[in-house]
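A.B. asks: how does the following fold in three dimensions:
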Amino acid sequence: MFTAVEDLMSREPITLSETDDVAMAWAIINHRRIRHLPVVRQGKLLGLITRESLLRAEVEGGPRLASTRPIGEVMTKEVHATRPGMLIRKAARIMLEHKFGCLPVVDDQGMLVGILTESDLVRFAADLAEDMDRVDQIICRGLEPD
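C.D. replies: Purely as a prediction, here's the structure:
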């Protein structure tokens, strides 16, 4: 079984526009308890906002000034994205090697179609471990699965 990014990614992620402000980003991140927000223009990926990029904006300009800044000024513009068909093992390796917390998923035209996060990979690992436990019970111990 080869699992692709599209099998695990979160579809229709919450996004921001480059003209939205830092205060809105903080509100969404805190309310939804997420760490990454893709920034799009008409569906096309432009950048990424993270908790870290928001904190950096506050350190540079102070919380009051930062809250009114447009996202386009503080977002990470050079974002490594992936395609829906990429194998999970390759996407996970990219995230691990570069210490990325997520990979936006784009189609051939650069349109955002989803986001793969560390949480998606941990959920996958937990499911895989459960499957391995069942196989172990069946094959190695001769027991019936739960």
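A.B. asks: in the chain, what secondary structure element scores lowest on mean pLDDT?
C.D. replies: helix 63-68 (a mean of 72; mean pLDDT, DSSP states H and E).
A.B. asks: quick check: next helix or strand after that one?
C.D. replies: Moving toward the C-terminus from helix 63-68, the first helix or strand encountered (DSSP states H and E) is helix 71-74.
A.B. asks: show me the contact partners of that next one.
C.D. replies: When contacts are taken as C-beta atoms under 8 Å, 6 or more residues apart in numbering, the neighbours of helix 71-74 outside the stretch itself are 16-22, 24-25, 39, 46-47, 49, 53-54, 56-57, 66. Glycine gets a C-beta too; all of them are placed from N, C-alpha and C.
A.B. asks: what's the ChimeraX syntax to select whichever of those are buried?
C.D. replies: The command below creates a ChimeraX selection of those among those that count as buried (16 or more other C-beta atoms under 10 Å):
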select :16,18,20,21,22,24,25,39,46,47,49,53,54,57,66
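A.B. asks: now, the contacts of helix 71-74 that are in helices?
C.D. replies: Of the positions in the contacts of helix 71-74, V22, M24, A25, S53, L54, R56, A57, A66 sit in helices, assigned by DSSP state H.
A.B. asks: pLDDT averaged over stretch 43-54, what's the number?
C.D. replies: Along stretch 43-54, the predicted local confidence has a mean pLDDT of 94.
A.B. asks: mind listing the strands for this structure?
C.D. replies: Assignment of strands within the chain using DSSP state E yields the ranges 10-11, 36-41, 44-50, 102-106, 112-117.
A.B. asks: okay if I get those strands as a markdown table plus distance to A81?
C.D. replies: Shown next, in a markdown table, are the strands of the chain (distance: least, C-beta to C-beta, whole Å):
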| stretch | distance to A81 |
| --- | --- |
| strand 10-11 | 14 |
| strand 36-41 | 9 |
| strand 44-50 | 6 |
| strand 102-106 | 5 |
| strand 112-117 | 8 |
